[in-house]
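K.L.:
model this:
(2 chains)
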Amino acid sequence: DSGVTQTPKHLITATGQRVTLRCSPRSGDLSVYWYQQSLDQGLQFLIQYYNGEERAKGNILERFSAQQFPDLHSELNLSSLELGDSALYFCASSFQGGPQETQYFGPGTRLLVL
Amino acid sequence: AQSVTQLDSQVPVFEEAPVELRCNYSSSVSVYLFWYVQYPNQGLQLLLKYLSGSTLVKGINGFEAEFNKSQTSFHLRKPSVHISDTAEYFCALIEPGTYKYIFGTGTRLKVLA
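P.N.:
Got it, this is the predicted structure:
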């Protein structure tokens, strides 16, 4: 158990819909990362937050957005969903988000768009 | 642009045999390198990382990796594998001073009895 929690575990929705994925970092960690893992694109870094502020953006679509709240939990919002958005979405956390730090991954949210 | 290449998508190996999972990277600057393992239906877990210093890095579960700057490689090795090592292994890099991680496509290690 990494200490990172993600909800829900599974999500099934339809194209065009909007969903919110939630992540709670390990106790004491200030930085949260979001990743997408799909069969065709592999594991891709989406976005990183540190203490409520966006720090880095990766391959995140404009239809996707995220935020980190004062209690340090984070939410990833996916809108206008397409079939290709079906994937496993991971959240990870680290203490200060430095590039040399170990990231601790949650168990993921499996999203299926029908 | 930086990239990570894991040439082997699948590696079958018998139990107690040695294994090497290959990782090559491309970058014009020095990078930090990582190996992560993903067991079925779980998130990723860090095996080891190279930041600087000794080129031989030891990690958890008996794994080690060697950083080779001239060959831009960071291959993962284990002298004797167990059935429980069956998992997917990801090599990743990040450029110091940035925060964008780049992962390879992964190598599925299948340990056979």
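K.L.:
any idea how far residue B:77 is from residue B:1?
P.N.:
Relative to residue B:1, residue B:77 is positioned 28 Å away (C-beta to C-beta, to the nearest Å). The C-beta positions use only the backbone N, C-alpha and C, and glycine is treated the same way.
K.L.:
give me the neighbour count for the closest residue to residue B:59 other than its chain neighbours.
P.N.:
Excluding the flanking residues, the one nearest residue B:59 by C-beta to C-beta, 6 or more residues apart in numbering or on different chains is residue B:48, at 2.8 Å. Neighbour count of residue B:48, defined by other C-beta atoms under 10 Å in any protein chain shown: 19.
K.L.:
residue B:48 against residue B:33, yeah?
P.N.:
No - the pair residue B:48 / residue B:33 is not scored as a contact, 9.0 Å apart, by C-beta atoms under 8 Å.
K.L.:
re the thing from before, could you check the pLDDT of the residue nearest to residue B:59?
P.N.:
The score at residue B:48 is 95. That number is its pLDDT.
K.L.:
what strand or helix carries it?
P.N.:
strand B:44-50 (DSSP states H and E).
K.L.:
who are the contact partners of the nearest residue to residue A:10 once chain neighbours are set aside?
P.N.:
Once flanking residues are discounted, residue A:10 sits nearest to residue A:110: 5.0 Å by C-beta to C-beta, 6+ apart. Shown in contact with residue A:110 (C-beta atoms under 8 Å, 6 or more residues apart in numbering or on different chains): A:9, A:10, A:11, A:87, A:88, A:89.
K.L.:
same thing but 10 Å
P.N.:
By C-beta atoms under 10 Å, 6 or more residues apart in numbering or on different chains, the contact set of residue A:110 is A:8, A:9, A:10, A:11, A:12, A:37, A:86, A:87, A:88, A:89, B:41.
K.L.:
return the per-residue confidence for the first one.
P.N.:
Per-residue confidence for residue A:8 comes out at a pLDDT of 97.
K.L.:
now it. Nearest residue, chain neighbours left out?
P.N.:
Excluding the flanking residues, the one nearest residue A:8 by C-beta to C-beta, 6+ apart is residue A:109, at 6.1 Å.
K.L.:
helices and strands around whichever strand or helix holds residue B:109, which ones?
P.N.:
For residue B:109, the host element (DSSP H and E) is strand B:107-112. The criterion is 3 or more C-beta pairs under 10 Å, 6 or more residues apart in numbering or on different chains; DSSP states H and E, and the helices and strands that strand B:107-112 contacts are strand B:10-14, strand B:19-21, strand B:73-78, strand B:87-94.
K.L.:
tell me the most buried of those strands?
P.N.:
For those, the largest average neighbour count (mean count of other C-beta atoms under 10 Å in any protein chain shown) is found in strand B:87-94, namely a mean of 23.
K.L.:
could you pull up the mean pLDDT of that one?
P.N.:
The average of the pLDDT scores along strand B:87-94 is 95.
K.L.:
okay, the angle between it and strand B:73-78?
P.N.:
Interaxial angle, strand B:87-94 versus strand B:73-78 (axes from the mean of the first three to the mean of the last three C-alpha atoms, to 10 degrees): 150 degrees.
K.L.:
within the sheet, what are the partner strands of the helix or strand that strand B:87-94 is followed by, with directions?
P.N.:
The helix or strand immediately downstream of strand B:87-94 is strand B:102-103, counting by DSSP H and E. Sheet pairing here is set by DSSP bridges, and for strand B:102-103 it gives strand B:87-94 (antiparallel).
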